[in-house]
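J.: When you get a sec, could you give me coordinates for this:
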Amino acid sequence: MSTNIRSLTQHTMIYGVGYIATRLVTFLLLPLYTNQLSAAEYGLVALVFAFLAFMNHIYNFGLDSALMRFYGEDDDPKQKSKVLSTAIWMVLAVSMVFSATVYFLYRPIGQILMGGDYILIKYAALILYLDCIIRVPFALLRMEGRPVRFIALRMLNVILTLGLNIYYLTVLKTGVIGVFQATLIASAVTAVAIYAVTFLKIRFTFSGSLAKDLLLFGLPFIPMGLATAAMEMLNRKIIEVLLDREAVGIFSAYFKLGIFIQLVATAFYYAWQPFFMKAGPQDTSRPVFARVLTYFAAVSLGFWVIISLFIKEIVSFKIGSTYLIGPDYWGYELLVPLFLLAYVFYGINLVFLPGVYFEKKTRYLAYVTILAAAVNVGLNFILIPLLGLYGSAMASVCGYFTLALVMHFISQRLFRVPYEYARVAMLFVLAFAAVVPLYLFEMTVPLKILIVIAFPIILKILGFFKKAEIEAIKGLIPFRKK
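T.: Numbering: from 1, shown residues only. Modelled structure (predicted):
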């Protein structure tokens, strides 16, 4: 078991570095955009990128996840090649149809989305095509356990996107259109690079029956993705309706700080999905999966405690005359622990995926996510009038808690795992005991440091840590002294 957990942890760390770098570029581009573009121009950029994010869920239709489900099902190289080739030709053809539709309907789409600026929709159609066709090859790298190559190609995209944006906006002074020209070039180079790596594995073969299986497995990911987007985006519109636009700005600024746990959850997911697919529905997998939940809860809740305790210091962090979040937004720092906790539950939901994947019941993912989104939206209308922005944040926590809870029950019916409920409960009780006082009284920095130090000590006193696990964790550090 320790060997499997060690492999999962190492891959999570590698994927984490790449994902952090990918997300970091959005933060690095923010000061560039806000200094080189007017507020109206930047708003236009944000609208188009929101359109790209929305359409990506439709374009992909879960094909990368479907590939990972069927690619590892048979050890026969010919069958693997047939699965990969079928998926590749599917994504190339379907994305072409979608992008052609968006391209030729650029006028009505542009009118609905932005009231004009039609040329940006044409760029969006091309970017969507390129970004979508690379997802299957990237899924292949994850399935084959090639995280370094995966990260290298991701970093190529990050460096190109950042460099080209700087060049187009500061040197060529092209304005908004330069943002999308830079993005298009970066996407094109990334697509060429990833297909150069996987080209020799692609064959001119296509299986209609396989295509049907891939489609049926992947289609439920569309409503799931759209419902997930709804959980993160619809609350902003509700806040605008029930409060005002200034409240939307404050909420959005602090919501971005939820990225700290989102990074942990996403890095884990990149490593976890191919890990449990390779492990398969074997009896020997059950105790490993159980321990994964315990370890993920320990890591994510540890981050939650530390970041939550020091969130006021983080928000007021200053470089020169620039704060992480401007002083005009201060006073709502305690929204962040709620956003972070929501992402803890989102990550726990990911731990419960094996049963749904093994039984090919991905339609349940759509049902559960839609239910969670409904809970989130409904509670927004109830809690915002009572608690303001904190009501919306609590609605997000409840939505993601619902997602994790219902997914747990469904997964257990499909593939029962002996999760270590007592250990996980111990983690939650101590984490809440550490964070809840923030909402009751002002805590000094020395007290916060004391709580952080005491957290693992109390866990040890209560017998949470096991000797065999400590030795296994030490094995993650290859340079330790023998």
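
J.: and the helix or strand that contains V452, how far out from the chain's middle?
T.: Following DSSP states H and E, one finds V452 within helix 445-461. With CA atoms, centre = their mean, to the nearest Å as the basis, helix 445-461 stands 29 Å off its chain's centre.

J.: now do stretch 130-138
T.: 17 Å.

J.: residues making contact with it?
T.: With CB atoms under 8 Å, 6 or more residues apart in numbering as the test, stretch 130-138 has contacts from 52, 56, 59-60, 63-64, 67, 84, 87-88, 91-92, 95, 98, 150, 153, 184, 187-188, 190-191, 194-195, 197-198. (Each C-beta comes from the backbone N, C-alpha and C, glycine too.)

J.: Among those residues, which ones are in helices?
T.: 52, 56, 59-60, 63-64, 67, 84, 87-88, 91-92, 95, 98, 150, 153, 184, 187-188, 190-191, 194-195, 197-198 (DSSP state H).

J.: ranges for the strands of this structure?
T.: Along the chain, counting by DSSP state E, strands occupy 318-319, 322-323.

J.: Pick out the shakiest of those strands, pLDDT-wise.
T.: Sorting these by mean pLDDT places strand 322-323 lowest, at a mean of 58.

J.: Show me the domain layout of the chain.
T.: As assigned by automatic domain parsing, the chain contains the domains 1-219, 220-482.

J.: Dump the ones you listed to CSV, plus mean neighbour count.
T.: Listed next are the domains of the chain as CSV, based on neighbours: other CB atoms under 10 Å:
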stretch, mean neighbour count
domain 1-219, 17
domain 220-482, 17
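
J.: Which of these has the lowest mean pLDDT?
T.: domain 1-219 (a mean of 79).

J.: how distant is that one from the center of its chain?
T.: For domain 1-219, the distance to the chain centre is 14 Å (CA atoms, centre = their mean).

J.: Repeat that for stretch 368-388.
T.: For stretch 368-388 - counting by CA atoms, centre = their mean - the centre lies 21 Å from the chain centre.

J.: Export only the CA atoms of that stretch, formatted as CSV.
T.: Output of stretch 368-388 as CSV, limited to C-alpha atoms (Å, rounded to 0.1, in the frame of the first residue of the first chain):
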residue,chain,number,x,y,z
VAL,A,368,-25.2,14.9,-8.4
THR,A,369,-23.6,18.1,-9.7
ILE,A,370,-26.9,19.5,-10.8
LEU,A,371,-28.4,18.7,-7.4
ALA,A,372,-25.4,20.5,-5.7
ALA,A,373,-25.8,23.5,-8.0
ALA,A,374,-29.5,23.7,-7.2
VAL,A,375,-28.7,23.6,-3.4
ASN,A,376,-26.1,26.4,-3.9
VAL,A,377,-28.4,28.6,-6.0
GLY,A,378,-31.4,28.1,-3.7
LEU,A,379,-29.5,28.9,-0.5
ASN,A,380,-28.1,32.0,-2.2
PHE,A,381,-31.6,33.4,-2.4
ILE,A,382,-32.3,32.4,1.2
LEU,A,383,-29.1,33.3,2.9
ILE,A,384,-28.0,36.5,1.1
PRO,A,385,-30.9,38.6,2.5
LEU,A,386,-30.0,37.3,6.0
LEU,A,387,-26.2,37.3,6.0
GLY,A,388,-25.1,39.3,2.9
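
J.: For stretch 85-99, which outside residues touch it?
T.: So stretch 85-99 is contacted by 55, 58-61, 63, 66-67, 125-126, 128-129, 132-133, 135-137, 202-207, 210-211, 214-215 (CB under 8 Å, 6+ apart).

J.: err, stretch 293-303, not the other one
T.: 5, 9, 260-261, 264-265, 268, 340, 343-344, 347-348, 351, 417, 419-420, 423-424, 427-428, 431, 455-456.

J.: Please flag which of the residues you listed sit within helices.
T.: Secondary structure assignment by DSSP H places 5, 9, 260-261, 264-265, 268, 340, 343-344, 347-348, 351, 423-424, 427-428, 431, 455-456 of the contacts of stretch 293-303 in helices.

J.: what ranges do the helices span in the stretch 251-400 of the chain?
T.: 259-279, 285-309, 311-315, 335-351, 354-358, 363-387, 389-414 (DSSP state H, counting those that start in this stretch).

J.: what do you get for the stretch 101-250 of the chain?
T.: Going by DSSP H, counting those that start in this stretch, the stretch 101-250 of the chain shows helices at 106-113, 118-133, 135-143, 147-166, 176-198, 208-218, 221-242, 245-255.

J.: Quick check: which of those is nearest to P287?
T.: helix 135-143 (23.5 Å; CB to CB).

J.: Quick check: closest non-adjacent residue to L389.
T.: F251 (5.3 Å; CB to CB, 6 or more residues apart in numbering).

J.: That neighbour is in contact with S392, isn't it?
T.: Yes: using CB atoms under 8 Å, F251 is in contact with S392, at 6.5 Å.

J.: Can you check which residues contact both of the two?
T.: Once CB under 8 Å, 6+ apart is applied, the residues that F251 and S392 both contact turn out to be 235, 239.

J.: Please report how far G110 lies from F221.
T.: 28 Å (CB to CB, to the nearest Å).

J.: ok, now V435?
T.: V435 is 33 Å from F221, by CB to CB.

J.: swap in M407?
T.: 14 Å.

J.: likewise P287?
T.: 29 Å.

J.: got it, and A395?
T.: For A395 relative to F221 (CB to CB), the value is 24 Å.

J.: what does F317 give?
T.: 37 Å.

J.: repeat for L340
T.: 25 Å.

J.: Equivalent analysis for F61, please.
T.: With CB to CB as the criterion, F61 and F221 are 6 Å apart.
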